[in-house]
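Undergrad: Below are the sequence and a predicted model; questions follow.
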Amino acid sequence: PGTGGGSEGPGTARRDGPPPADAALLRRLELLGVCLLLCGTALSLAPAKIVGDTKIDLAVNPLGFLERALHLWDSAYFGQLQNQAYGYLFPNGPFHVLLIGLDMPEWLVQRVWMSVLLCAAFLGTVKLAEALGIGTPHTRILAGAAYALAPRVLTLLSYNSAELQPMMLLPWIVLPLVYGTRCGRPPMRSAMLSALAFLFCGGTNAASELAVLVVPLIYLLTRAPGPRKRRLLAWWLTALFLVSFWWLVPLLLMGRYVFSFMPYTEDAATTTGVTSLTNALRGADNWMGYIPVAGRPALPAGAELSTDPWMVAATAVVAGLGLAGVINRGTPERLFLTTSLLAGTAIVVAGYTGALTGPLAEAMRDLLNGALSPFRNIHKFDALIRLPVVLGLAQLPVVLARDASDRRARRAAAHPPPQPGRLASRPLP
């Protein structure tokens, strides 16, 4: 201080950017702006029309639907056994009951619900990247938007948003565990907060919820051994069981009586027929994106992302950039990110029998048609790939800037500038 000249006197420091308060306000405005854009994306989807998002009853008559969900037998539609309707008791059901009770149009309630999921995924990814020390404030925003608008999200958002819930809330499940591994943060409190985030995943799709739990489990297992890690893991597993008990018991009851129709609608050959390495890395591993119905795509957004040449190229480039950021030696949490990425890729492509197929593909298909049939829709493990990829995308500009700085430093060391005030030695005449 005091050496810069001008109006700066002793005790005055230079500032290269806005004051901290202004920087924090600017960052909040940037986050708000992206959230508004995500909300606009949801609202632009077929305005004033109800979409077939999972359970149409939930938007039309949420109270009646939730009342019937309390019983295994449903007298509607000439009588039927309920199929995971209990999973909508929280938080989906109360959300729809509240907004429908406020006389909000049904189609708008659906769009608000989608907007909440998109914003939750975006903000959670930004916060998680910040907690892990990955990227810069602006590249974290880019990563959050990439995660919220991932190919699997765009494919299923208006078709089965309940299946997407666990993936969208995954960053919030991992975030408390990141804080819990650090000194000064009680492991029990961190585990409870992580389980609370998992509670908001609902109970509509047990396979999707169990699939995303692999990511926080990998994070805990890649921590340094010690008593804090053991306590955090024990508290976390206990808390997960407690917040899942309300849908685990009905799931077991349903499994005892409900007829399984899945073998007649899909099999492992269908669900794994598109899970090539390229499709898995770029996020186009959902078989529904490739299935036409009456000559038209069953899921138009998924079909475009899966087969349109420009979208194939764009998603491949994004995945490649994210991978470059993940594998760099200077990336924080490189072990966690690469382990999650490799585990997710191995799971998704395990049953693929096309080009570059694995030696255990046929055995994996038999398992998916048998003991592992609840996980037959293998694309539910996409979050294990997608989260590391977008975090690598946030880190890549930092990696490139650091490498450029290192190259400049090496060039400067190899060719030092001449020292002022010293003459180069010359031979005497």
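TA: On my side now, so go ahead.

Undergrad: Please identify the buried residues of the one helix or strand Arg402 maps to?
TA: If you go by DSSP states H and E, Arg402 is part of helix 383-414. For helix 383-414, burial by neighbour count (16 or more other Cβ atoms under 10 Å) applies to 383-399. (Each C-beta comes from the backbone N, C-alpha and C, glycine too.)

Undergrad: same question, stretch 114-128
TA: Neighbour count says stretch 114-128 has 114-128 buried, by 16+ other Cβ under 10 Å.

Undergrad: what is the rounded mean pLDDT of that stretch?
TA: Mean pLDDT, computed over stretch 114-128, is 97.

Undergrad: and what of stretch 198-211?
TA: 94.

Undergrad: what's in contact with it?
TA: Stretch 198-211 is contacted by residues 54, 84, 86-92, 162-167, 169, 172-173, 212-213, 240, 243-244, 246-248, 250-251, 374-375, 377, 380-381, 383-384 when judged by Cβ atoms under 8 Å, 6 or more residues apart in numbering.

Undergrad: What about those residues, which are in helices?
TA: 92, 162-167, 169, 172-173, 212, 240, 243-244, 246-248, 250-251, 383-384 (DSSP state H).

Undergrad: ok, the residue nearest to Leu253 when sequence neighbours are not counted - contacts?
TA: Closest residue in space to Leu253, ignoring its immediate chain neighbours: Leu72 at 6.5 Å, by Cβ to Cβ, 6 or more residues apart in numbering. Leu72 makes contacts with 81-82, 250, 253-254, 257, as judged by Cβ under 8 Å, 6+ apart.

Undergrad: Minimum pLDDT in the residues you listed, which residue is that?
TA: Across the set of these, Gln82 stands lowest in pLDDT, at 81.

Undergrad: Okay, that one and Ser161: tell me how far apart.
TA: According to Cβ to Cβ, to the nearest Å, Gln82 and Ser161 sit 19 Å apart.

Undergrad: Then Cys35?
TA: Taken as Cβ to Cβ, the span from Cys35 to Ser161 is 17 Å.

Undergrad: out of those two, which sits in the more crowded spot?
TA: Ser161 (23 against 18; other Cβ atoms under 10 Å).

Undergrad: and that one, what pLDDT?
TA: Looking at Ser161, its pLDDT reads 93.

Undergrad: same question, the one 4 residues further on
TA: Gln165 is assigned 96 on the pLDDT scale.

Undergrad: Now do the same contact list for it.
TA: Residues counted as contacts of Gln165 (Cβ under 8 Å, 6+ apart) are 92, 117, 200-202, 204-205, 208.

Undergrad: try 10 Å this time
TA: When contacts are counted by Cβ atoms under 10 Å, 6 or more residues apart in numbering, Gln165 is found next to 87, 91-92, 117, 120-121, 200-205, 208-209, 212.

Undergrad: Please apply the same query to Arg189.
TA: Taking Cβ under 10 Å, 6+ apart as the test, what Arg189 contacts is 176, 179-180, 235.

Undergrad: hmm, try it at 8 Å
TA: With contacts defined as Cβ under 8 Å, 6+ apart, the neighbours of Arg189 are 176, 180.
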